[in-house]
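*Asks:* no sequence on this one, just coordinates:
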């Protein structure tokens, strides 16, 4: 993925999340959520890029430390992916908790539908 594609994907995801949460939160909670939305969009874009890398490179990589020590290990992309996906779900959970905290937001299943798809 090129830098331009990466930025385009991030912007698209950020706009989608902004639209979802702007309709769900009052102004004060939305201001709190803006940083979380930006982080979630970045992580989502990163996860998509990591998925592509894993599809090409696989789950296992070979290593060699010195002349006699070598073998196979979990790929670096897998480790980064696993850490990022945990962080992504934590941020999404925080965003959803802001919705639950905000009783003035209109009821709508759009957010839950989005989360089920991703």
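*Replies:* The structure has been received and is ready for your questions. Computed from a predicted structure; not experimentally measured. Residues are numbered from 1 along each chain as shown.

*Asks:* Now the phi/psi pair for residue 26, please.
*Replies:* Recorded main-chain torsions at residue 26 are phi -70, psi 170, according to degrees, to the nearest 10.

*Asks:* Pull out the buried positions in stretch 52-60.
*Replies:* For stretch 52-60, burial by neighbour count (16 or more other Cβ atoms under 10 Å) applies to residue 53. C-beta: built from backbone N, CA, C; applies to glycine.

*Asks:* What lies in contact with it?
*Replies:* 1, 72, 73, 74, 75, 77, 78, 81 (Cβ atoms under 8 Å, 6 or more residues apart in numbering).

*Asks:* Now, these that are in strands?
*Replies:* Among those, DSSP state E puts 72, 73, 74 in strands.

*Asks:* Just give the number of residues close to the second one.
*Replies:* Other residues lying near residue 73 total 11 when counted by other Cβ atoms under 10 Å.

*Asks:* Leaving out sequence neighbours, find the closest residue to it.
*Replies:* Leaving aside its chain neighbours, residue 73 sits nearest to residue 63 (5.7 Å; criterion: Cβ to Cβ, 6 or more residues apart in numbering).

*Asks:* Using just helix, strand and coil, how would you label that neighbour?
*Replies:* strand (DSSP: H, G, I helix; E, B strand; the rest coil).

*Asks:* in the sheet, who's paired with it?
*Replies:* residue 71 (DSSP bridges).

*Asks:* Out of the contacts of stretch 52-60, the closest to residue 39 would be?
*Replies:* For these, the minimum distance to residue 39 (Cβ to Cβ) is 16.4 Å, reached by residue 81.
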